[in-house]
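Enquirer: turn this into a model:
(4 chains)
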Protein chains: 2
Amino acid sequence: MITHPDLLTIQQAAEQTGLSEHTLRYYERVGLLLPVDRAPNGHRRYAPDHLRLLQFLIKLRATGMPIEQMKEYAALIRAGEGNEGERLRLLLDHKQLVLARIQVLLDSLAVIDRKIESYQELHACINDDSVQAE
Amino acid sequence: MITHPDLLTIQQAAEQTGLSEHTLRYYERVGLLLPVDRAPNGHRRYAPDHLRLLQFLIKLRATGMPIEQMKEYAALIRAGEGNEGERLRLLLDHKQLVLARIQVLLDSLAVIDRKIESYQELHACINDDSVQAE
DNA sequence: CTACAACTTCGAGTCGACTCTAAGTCAAGC
DNA sequence: GCTTGACTTAGAGTCGACTCGAAGTTGTAG
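Expert: Now for the predicted structure:
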């Protein structure tokens, strides 16, 4: 196969991003990505630009952004320059949500930690008992 | 209705826990909770013990523990004393997972933050331009 | 006696995000 | 010419965790 520099097959794109080929096609299907370039035989060819966007979208996913909102962000990027304010707003809003979610995680974890400590104390007591019993 | 002290109807339990009545019944159905006590007419009556367990299970849920694993934990509690070591292990393992997930969130958020900053700089530049233009 | 509200059950439906399947195309190697 | 493997498509299936709906029962208020 003639491998054009910088143009990746779907397999290579999957490797690079950690997404499955299925998922890459799915993202395109649902309109998260614009139709990807094609080789003469119809096969997808991912350009570095695509990959960079994908890598960033993956970070949005990792922070729990729903696909619908990722679509909004991707659409803003596609629309070109001039809407950086909107992009900024979207990202800032999302950041607040993520921080809030982390806070919930930490708060809940604190409760769980108290339970953990109580079990650990119990464990220590049992050890004490057995020491005293000996 | 004769409201026995401390025994809550499903509606009251839903209020107290923030879960829906549907969800309370669902948790019981899937075996997360033991069959709840019933009033003579067959209606559920939640005892303080139930409520306390629920409150804790809700913290586990909030930290993303799947229902299957919550069932394991609830089963250990039901089994009575003597398995505190297992409970401790389960909670400690879960805690590690949660901490790891928080770390992923923070790492991804750091990437998003860099993007946010770049948009903010851009924004600042535009402001500079307009100031200079005046 | 009737209306109403609060429950009951069980099964079906929803949602988001994949994930997989089947059937087809195409280029390269033997 | 045939097989193999990497791709293509559209549509169906899965999974977890609810969420809802329909039909029935019970107990109280008017």
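
Enquirer: does DNA strand C sit close to the least confident helix or strand in chain A by mean pLDDT?
Expert: Least confident helix or strand of chain A, by mean pLDDT, DSSP states H and E, is helix A:84-133 with a mean of 89. No - applying CB under 7 Å from any atom of the strand, one finds helix A:84-133 separated from DNA strand C by no less than 12.4 Å. Any C-beta I mention is one placed from the backbone N, CA and C, and that applies to glycine too.

Enquirer: what do you get for stretch A:61-68?
Expert: Yes - judged by CB under 7 Å from any atom of the strand, stretch A:61-68 and DNA strand C are in contact via A:Arg61, A:Pro66, A:Ile67, A:Glu68.

Enquirer: show me what contacts the second one?
Expert: Read it as A:Pro66. When the contact criterion is CB atoms under 8 Å, 6 or more residues apart in numbering or on different chains, A:Pro66 has no partners at all.

Enquirer: what residues does chain A put near chain B?
Expert: Taking CB under 8 Å from any CB of the partner chain as the contact definition, chain A meets chain B at A:56, A:59-60, A:62-64, A:84-85, A:87-88, A:91-92, A:94-95, A:98-99, A:101-102, A:104-106, A:108-109, A:111-113, A:115-116, A:119-120, A:122-123.

Enquirer: weed out the non-buried ones from these.
Expert: A:56, A:59-60, A:62-63, A:84, A:87-88, A:91, A:94, A:98, A:102, A:105, A:108-109, A:111-112, A:115-116, A:119 (16 or more other CB atoms under 10 Å in any protein chain shown).

Enquirer: once you drop chain neighbours, what's closest to A:Arg45?
Expert: A:Leu7 (4.2 Å; CB to CB, 6 or more residues apart in numbering or on different chains).

Enquirer: any idea how far A:Tyr46 is from that neighbour?
Expert: 7 Å (CB to CB, to the nearest Å).

Enquirer: who's more crowded, those two?
Expert: A:Tyr46 (22 against 17; other CB atoms under 10 Å in any protein chain shown).

Enquirer: surely that one touches A:Glu15?
Expert: No - assessed by CB atoms under 8 Å, A:Tyr46 is found out of contact with A:Glu15, at 10.9 Å.

Enquirer: next, the residue positioned nearest the centre of chain A: phi, psi?
Expert: For chain A, the residue nearest the mean C-alpha position is A:Ala62 (2.1 Å; CA atoms, centre = their mean). Recorded main-chain torsions at A:Ala62 are phi -60, psi -30, according to degrees, to the nearest 10.

Enquirer: one more: A:Leu8?
Expert: According to degrees, to the nearest 10, A:Leu8 has phi -100, psi 140.

Enquirer: count the residues that sit near it.
Expert: 21.
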